[in-house]
Structure formats: C-alpha cells, structure tokens
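**Student:** let me see the structure of the following:
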Amino acid sequence: MISLILSMHCRNVSLRGIAATLNETFDIKVSYQTIHNYLRRYEKLLSDYMNSLKPKFSGNVNVDELFVKIDGQMKYLFAALDPNTRYLLCTILSQKRDHKGARQLFHKLSEVTAHNKINHTIKTITSDALLAYKSAYKAEFLNDVATKTENPPKHNFASGIRGLVDNNIMERVNNTLSGREKNYRGLNVDDTPMIPLFAAYYNLVREHQAIGKTPAKAAGIDLKLGHDKWNGLIKRAHIYNKTGGKIRVWEK
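**Tutor:** Have a look, this model is predicted:
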C-alpha cells in the first residue's frame, strides 16, 4: 500500500486524489494529511540511503532552475543533471534566482561528485544565460582554493534549447517537476518531501524513455529492486539505516 501511495504521488496524483483512490478501490479511509505524513516518513527513511549511492559520473553536468511555490511565495529550485546517464545529481532550494542559489548548487555539486577532493571530476558545466551561473562558476571553480584547479571545468554559458551545445535535457526534467508542483497548488514548507521523493522516483524507480533504463542503472547502480521498486528501495534503506550505514546483502 505504501508503494502505491509513493507511486501515485510521483505520478502527479494529488494528496486528496490518493486518499480517494484508497477509499474507492480498497475501502481504506485516510485523510490527505495522513497521506502527507506517510510521504514525509518515507522521505526521511530514504534520504540517507539515497545520498550514500555513488553513481558513475561522466564529468559533464547540465544545470537549470525553475519556479516553485512554497507557502504562497515563489522560490527557485536549482538542479544539476548528468546528461550522459540522466542521473539527477543534486538540487538546491533557494529564496531567489541569484548568485547565492547558484553558488550553493555548484558547491553541493562539487561535494556529490568529489570534485572538491583529490580527483577533480567535473569537465563541463552547461547552463542557460542566467548571470548568476557565471559569477557562481567563477567563485566556486576559479577563486575558491578548495575547488580551484589548473584545468577548471569548462562553462558552456548561455546554452539554448537547440544548438551546438544545448540545455534541453535539463529543461525537460524541470518541466516534469514543474508539472507536479502545479498539481499540488504550491508546497507548504521548504523541506517538502515532494522534491527528494521525486529524485528517488526519477533516478531509481522510473525507466527513462530515452535510454530504456533507470538513470541509476545507466550510472552503474543496479540495486536489483525487483518488480515493486519502491518496496525494494524501502527495504534497502531500512537495512542501511539499521546497520548504521553498512550496506549488507539482504536478499539472495
């Protein structure tokens, strides 16, 4: 039943719609707030395990941002994607569409790709013409002593939807997430479970039409989750959390 709730949530069914389906199909009566509580509970269970996964990284990154409505206020979700595997690398929720938000995205990107350590892994970063990306790129990759290298990543700035270097892959991901946000008529809190659960759904559960597999599998992460991927993922996360971060074989 939890798998069904998570699946409907990530397939753009509203909280009230999920509650109505459970009532009409299974004669289970729950409020939409109960559904929200389930989503928050399982987002917390999955988050640490998802962050522990280490996808193979091509070195190329596409970045973009979109509007999201939270508690009646417009905010911005910055996101970074590996265009080769379609793996969603990281997201940052920002108050404004500015240097600070873009810098936070690049800083988190440096961490999740281990660029800020010994191996400088990022080769190219493709973005639109938002000036905040240009200033954040200089601050993070040219001026910051922790990430500065003799051969910094190449910044493909002001890339359009079409052209020699384009950003249409990232635009399509943002359009998908934007459609879900609209169906919820705005999010209630900054730490909404919608965004982390969408990342899990996008990377680990849903097969990407363009590559015929999940982005995680394309990035070398094959968890063998079985037919009910949400159920398999929850079991993996439970074992991970229960053993204090030690991933053990839990199925034959």
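**Student:** who are the contact partners of Tyr38?
**Tutor:** Ile2, Ile5 (CB atoms under 8 Å, 6 or more residues apart in numbering). For glycine as for every other residue, the C-beta is placed from the backbone atoms N, C-alpha and C.
**Student:** now the helices for the stretch 1-150 of the chain?
**Tutor:** Ranges of helices in the stretch 1-150 of the chain, per DSSP state H, counting those that start in this stretch, are 2-10, 15-26, 32-52, 99-112, 131-137.
**Student:** and these as JSON lines, adding mean pLDDT and distance to Pro196?
**Tutor:** Compiled in JSON lines, the helices of the stretch 1-150 of the chain are given as follows (pLDDT from 0 to 100; distance: least, CB to CB, whole Å):
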{"stretch": "helix 2-10", "mean pLDDT": "92", "distance to Pro196": "11"}
{"stretch": "helix 15-26", "mean pLDDT": "94", "distance to Pro196": "16"}
{"stretch": "helix 32-52", "mean pLDDT": "89", "distance to Pro196": "5"}
{"stretch": "helix 99-112", "mean pLDDT": "94", "distance to Pro196": "14"}
{"stretch": "helix 131-137", "mean pLDDT": "96", "distance to Pro196": "23"}
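**Student:** ok, which of those helices comes nearest Tyr202?
**Tutor:** helix 2-10 (8.2 Å; CB to CB).
**Student:** okay, now the closest residue to Phe26 other than its chain neighbours: neighbour count?
**Tutor:** In space, and not counting its chain neighbours, Phe26 is closest to Met1: 7.4 Å by CB to CB, 6 or more residues apart in numbering. By other CB atoms under 10 Å, the residues close to Met1 number 10.
**Student:** for Met1, what are its contacts?
**Tutor:** So Met1 contacts Leu22, Phe26, Ile28 (CB under 8 Å, 6+ apart).
**Student:** go through these and name the one nearest Lys69.
**Tutor:** Lys69 has its nearest neighbour among those in Leu22, at 26.5 Å by CB to CB.
**Student:** so that closest one sits against Ser31, correct?
**Tutor:** No - contact status for Leu22 versus Ser31: not in contact, 10.6 Å apart, counting by CB atoms under 8 Å.
**Student:** more crowded one of those two?
**Tutor:** Leu22 (19 against 11).
**Student:** mind checking how far that one is from Glu207?
**Tutor:** Distance of Leu22 to Glu207, given as CB to CB, to the nearest Å: 26 Å.
**Student:** then Phe141?
**Tutor:** Counting by CB to CB, the gap from Phe141 to Glu207 is 33 Å.
**Student:** and the two? Which one has more around it.
**Tutor:** For Phe141 and Glu207, the more surrounded residue by other CB under 10 Å is Phe141, and the numbers stand at 22 against 12.
**Student:** need the contact list for the more buried one.
**Tutor:** Residues in contact with Phe141 (CB under 8 Å, 6+ apart) are Phe106, Ile122, Thr147, Lys148, Thr149, Pro152, Pro153, His155.
**Student:** for the residues you listed, give me TSV that also has neighbour count and distance to Lys242.
**Tutor:** As requested, those are exported to TSV (neighbours: other CB atoms under 10 Å; distance: CB to CB, whole Å):
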residue	neighbour count	distance to Lys242
Phe106	29	34
Ile122	24	34
Thr147	22	35
Lys148	12	40
Thr149	11	39
Pro152	18	41
Pro153	24	38
His155	19	43
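**Student:** perfect, that will be all.
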